[in-house]
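Q: what would the 3D arrangement of this be:
(one chain, ligands or ions: 1)
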Amino acid sequence: MLHAEGPLLTIDLTERSATRTPIDDVLEAFIGGRGVATALAHDRIPFDADPFGPENRAYLATGPLQLSTTSFTGRLSMTGLSPLTDGLVSTNAGGYLSREFAGTGISALEVTGASDELLIAHVTDEGVEFEPVPELAGATVPEVSDHVAETRDLGPENCIAIGPAGENLVRFASVMTFDSRAFGRGGLGAVLGAKNLKAVTFEGDSAPEIEIPDPPEMEIHREAATSDDLMRRQGTTGNTEFINENFSLPTRYFSEYEFESAAGIGGDAVEEKKYKKGACSQCAYACKLPTRDEETGVETEGPEFETVYAFGSSQGVGDIVDVMRANELCDRLGLDTISAGVTVAAYLASEDEFGNAELARELTEQIAHREGIGDDLAEGVHRVHEQLGVDDYTVKGMEFAAHDGRVLHGQGLSYAVANRGADHMYGGLLSPEYAGEIDPEGTLGKAELLVEHENRNAIRDSAIVCAFASGHITDERLAALLETDYEELLAVGARTIERERHFNNRRGMAADADDLPYEIPDLEDAIQEYYEARGLREDGTLPDDRIEPIAADLGTDDGAAASPADD
Ligand code: SF4
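A: You can find the predicted model right below:
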């Protein structure tokens, strides 16, 4: 089976040291990306770690396909202990970083410790340099990019960076790359902020050689370049009105299911503002959405469907320019648009201010700087809902994505049991339910399919393949690209998910964390079906003997001992 190549680079910010460590066993067992990062995180972050403590670790990992010319592979995956969910989260971002990252010759980056001053770490194929940057305190993401361009002649594609939100430990702060692409969910920006790490740059010419089988690679590329999917023109916003009319577009903080102004923020409205094509590295599908409003001069990349929901229907805002402004603001400040938009919507609900887009922007700024009420909202809906007097629309502390589990019951089950919380990219029964392949009504009998989807998504995030590639990088093609069979890939996905669950179990999360804030049919029984299909105990825990640590004690290139997790 093909897998990522190269050592793990550990950066210890307390010591300002860097160590390269071979991790061949981990790469062979987990491919790359989310799988490798999850295995490392499980074995090396202490189970009792404070998400904001120096003992937490953040991982950035590539896969075997990121050096190929295969469309849909220009992405990287990031993992760590989340300050939002208090469990492991993985999140991935597109852009152009994946090739720069691989050029440094490593397969994964581990960031541990904490600096006593704000730093940028510059990673090259020759080593790591630490640059104190006190002058960048409070800087926005584009300001960090400007600094890196001026001082190193590097572009935003060479860089991950946090904005003021990460520095201020907003629990849903994102890590940004290419200024507009977000490692969005779960607050890993705040993990870097707690470590006083403003940015990391990557530059090098030492990428490992990985030979990708030819036929599927070329076929995928040709199809991506010639596809006439609506998604190529409108990105994820293409189905906004279809979903609103036929299922649900959560509106005014979940008080309604349908938004009367969906046309004002949907796919056509976004396409009207699109002024050029946008893509990720090597991707001929080019579904990104650089948009501009000529009248106001507002310019951003996006908004994607989730932002249209979070800063649009959820807030009762029906003008796409307002959603574009919010999108640009979140990217600049380093905020996950879903959690930020839904948290702002919760505040608007409490003050009866739906539709007030200007207030929403003020609140977003206040959240990033933890000013006024923004200091409370920066904790997220789960921690602030009682103060606001609104319902807690979260799972495991994570704000819901748009696809409404109250209508798509299999998706609701997926949200309830997902180790990451209420995120649509984790299990995703939404696709077969929207498509009518399975009845959206009811939860029973869906657990085995959910397990398969979760495993498949974990492989996708380990390989790393874009979620929008499903019609083109089929299961068979992915197996062919990785020179293995699909059953073996599913086993990798299962191993990854088991480690997430086991880590969360050891932090005290079990069946009581697998729940929804609303009722759907037979949820309790469906969760038990899921536990059975996943081989969990009735209390939602994974037996310890199912987990064989693989990365706790790593020998290092220089003979030093890399620190294992405290078990
Ligand atoms: S399909 Fe779209 S999001 Fe995915 S890699 Fe290609 S351009 Fe990026």
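
Q: what residues does Asp439 make contact with?
A: Neighbouring residues of Asp439 by CB atoms under 8 Å, 6 or more residues apart in numbering: Glu433. To be clear about C-beta, it is placed using only N, CA and C from the backbone, and glycine gets the same treatment.

Q: show me where pLDDT drops low in this protein?
A: Within the chain, the stretches with pLDDT under 70 are 555-567.

Q: get me the contact residues on the stretch 51-200 of the chain for the ligand.
A: Counting by CB under 6 Å from any ligand atom, the stretch 51-200 of the chain comes close to the ligand at Phe72, Gly74, Gly94.

Q: mind checking the SS state of the second one?
A: Yep, that's Gly74 we're talking about. Classification of Gly74 using DSSP: H, G, I helix; E, B strand; the rest coil returns coil.

Q: how many residues are close by the closest residue to Leu76 other than its chain neighbours?
A: In space, and not counting its chain neighbours, Leu76 is closest to Ser98: 5.0 Å by CB to CB, 6 or more residues apart in numbering. Around Ser98 there are 29 other residues, counting by other CB atoms under 10 Å.

Q: the closest residue to the ligand within the stretch 51-200 of the chain: what's it in contact with?
A: Among the residues of the stretch 51-200 of the chain, Gly94 lies closest to the ligand, at 4.1 Å counting by CB to the nearest ligand atom. Gly94 makes contacts with Gly74, Arg75, Phe178, Arg181, Cys280, Ser281, Cys283, Lys288, Cys466, as judged by CB under 8 Å, 6+ apart.

Q: what do you get for Leu478?
A: So Leu478 contacts Ile459, Arg460, Ala463, Val465, Tyr486, Leu489 (CB under 8 Å, 6+ apart).

Q: what sits closest to the third one if chain neighbours are left out?
A: Read it as Ala463. Gly63 is the one closest to Ala463 (CB to CB, 6+ apart), at 4.9 Å.

Q: how near is the closest residue to the ligand within the stretch 451-567 of the chain to Gly94?
A: Using CB to the nearest ligand atom, the closest approach of the stretch 451-567 of the chain to the ligand is made by Cys466 at 3.2 Å. Between Cys466 and Gly94 the computed distance is 7 Å (CB to CB, to the nearest Å).

Q: need the overlap of contacts for those two.
A: By CB under 8 Å, 6+ apart, Cys466 and Gly94 have these common neighbours: Gly74, Arg75, Cys280, Cys283.

Q: contacting residues around the third one?
A: Cys280 sits next to Gly74, Arg75, Gly94, Gly95, Tyr96, Arg181, Lys288, Cys466 when contact means CB under 8 Å, 6+ apart.

Q: contacts for stretch 135-150 next, please.
A: For stretch 135-150, using CB under 8 Å, 6+ apart, the contacting residues are 118, 120, 133, 154-156, 158-159, 161-164, 167, 176, 179, 198-199, 201, 331-334, 369.

Q: so where do the strands sit in the stretch 201-350 of the chain?
A: 290-292, 299-301 (DSSP state E, counting those that start in this stretch).

Q: just put these in JSON lines and tack on mean neighbour count and distance to the ligand.
A: As requested, the strands of the stretch 201-350 of the chain are arranged in JSON lines below (neighbours: other CB atoms under 10 Å; distance: least, CB to the nearest ligand atom, whole Å):
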{"stretch": "strand 290-292", "mean neighbour count": "19", "distance to the ligand": "12"}
{"stretch": "strand 299-301", "mean neighbour count": "19", "distance to the ligand": "11"}
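
Q: just the ones in helices from the contacts of Leu478, please.
A: Ile459, Arg460, Ala463, Tyr486, Leu489 (DSSP state H).

Q: pretty sure Asn505 sits against Pro543.
A: No: contact criterion CB atoms under 8 Å: Asn505 and Pro543 do not qualify, at 9.7 Å.

Q: ok, those two, which is more surrounded?
A: A count of neighbours by other CB under 10 Å puts Asn505 above the other of Asn505 and Pro543, at 23 against 12.

Q: the nearest residue to Ala326 once chain neighbours are set aside: how many residues sit nearby?
A: Distances taken as CB to CB, 6+ apart place Phe311 nearest to Ala326, at 3.9 Å, with adjacent residues excluded. Neighbourhood size, Phe311 [other CB under 10 Å]: 31.

Q: do the same with Gly80
A: Gly80 has 29 neighbours, counted by other CB under 10 Å.

Q: so it sits in a strand?
A: Yes: assessed with three-state DSSP, Gly80 lies in a strand.

Q: so it sits right up against Ala61, yeah?
A: No: counting by CB under 8 Å, Gly80 does not reach Ala61; the two are 11.4 Å apart.
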